[in-house]
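Give me a model of this one.
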Amino acid sequence: MNKNNMDTEFFALDSEELRFIQSKHFKTKLQFAVMLKFFRIENRFPDNGDSITPEIIQLVSNQLETNAKLAENIDWENRTSERFRQEIRDFLGYRKAVITDSEKLIAWLIKDVLPQVPTVPQSCEQANQFFRDNKLESFTPRELERYVRSASQKAIFLNGRQTTFGCDNKCIR
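Down below sits the predicted model:
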């Protein structure tokens with residue numbers, strides 16, 4: 001998680017979130033809360049490659065009155081994390097994207113986004129909004145970029161026109 005796009009104010013827990021989190025075991029409350037807030041901001045869950053700053057961990061820990069050291073060895077991809085992901089999706093009314101969703105995304109990009117010839121990052125932002133609007137968990141930045149580039153190639157094939165995508169334009173946040 002990039003510190004530039006993560007303001008600590010976004011990690012303030014509201015009363016509804018606090019009630020939801022209180023059902024968790026004291027050892028996993030912090031992990032659950034960070035996953036919930038990360039999802040609300042990024043529209044995806046953290047993975048082991050994401051860097052969540054100690055300041056964010058401390059902020060969430062203080063709100064939960066837990067020890068920030070509980071976050072030192074969190075595995076964002078284990079079975080507990082997978083169970084938490086599903087609970088958070090259910091709580092927020094989201095679901096995982098499936099193949100038909102990716103097909104809809106590509107069709108939507110070709111029809112509504114790519115004709116405006118945006119860059120890869122602009123297209124990725126639009127795609128993330130597509131996921132939010134449809135209450136879908138977003139793909140990882142790398143997967144999202146792959147779908148955007150696929151849609152671009154398909155648009156070129158269908159319309160015979162080039163886009164402005166350059167090799168250095170990436171979705172990676």
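
make it CA atoms for all contacts and neighbour counts henceforth
Fine.

Could I get the buried residue list for the lengthiest helix in the chain?
Counting by DSSP state H, the longest helix found in the chain is helix 141-159. Neighbour-count burial for helix 141-159 flags 141, 144-149, 151-153, 155 (criterion: 16 or more other CA atoms under 10 Å).

Phi and psi next, for the residue nearest the centre of the chain.
The chain has residue 44 as the residue nearest its centroid, 2.2 Å off, counting by CA atoms, centre = their mean. Backbone torsions of residue 44, given as degrees, to the nearest 10, read phi -160, psi 170.

for residue 76, same thing?
Per degrees, to the nearest 10, the backbone of residue 76 is at phi -70, psi 0.

List the residues that contact it.
46-48 (CA atoms under 8 Å, 6 or more residues apart in numbering).

can you tell me how far it sits from residue 29?
13 Å (CA to CA, to the nearest Å).

burial of residue 28, as a residue count?
Using other CA atoms under 10 Å, residue 28 has 17 other residues around it.

What is the longest helix of the chain packed up against?
helix 99-108, helix 120-133 (3 or more CA pairs under 8 Å, 6 or more residues apart in numbering; DSSP states H and E).

Quick check: which of the ones you listed is nearest to residue 21?
Among the helices and strands packed on helix 141-159, the nearest to residue 21 by CA to CA is helix 120-133 (22.3 Å).

In its sheet, which strands sit next to the next helix or strand after that closest one, and in what direction?
Next along the chain after helix 120-133, taking DSSP states H and E as the criterion, comes strand 136-137. Strand 136-137 has these partner strands in its sheet, going by DSSP bridges: strand 95-96 (parallel).

in the sheet, who's paired with residue 96?
residue 137.

Would you check how far apart it and residue 63 are?
In terms of CA to CA, residue 96 sits 29 Å off from residue 63.

Could you do residue 43 as well?
22 Å.

more crowded one of the two?
Between residue 43 and residue 63, residue 43 has the larger neighbour count (other CA under 10 Å), namely 21 against 15.
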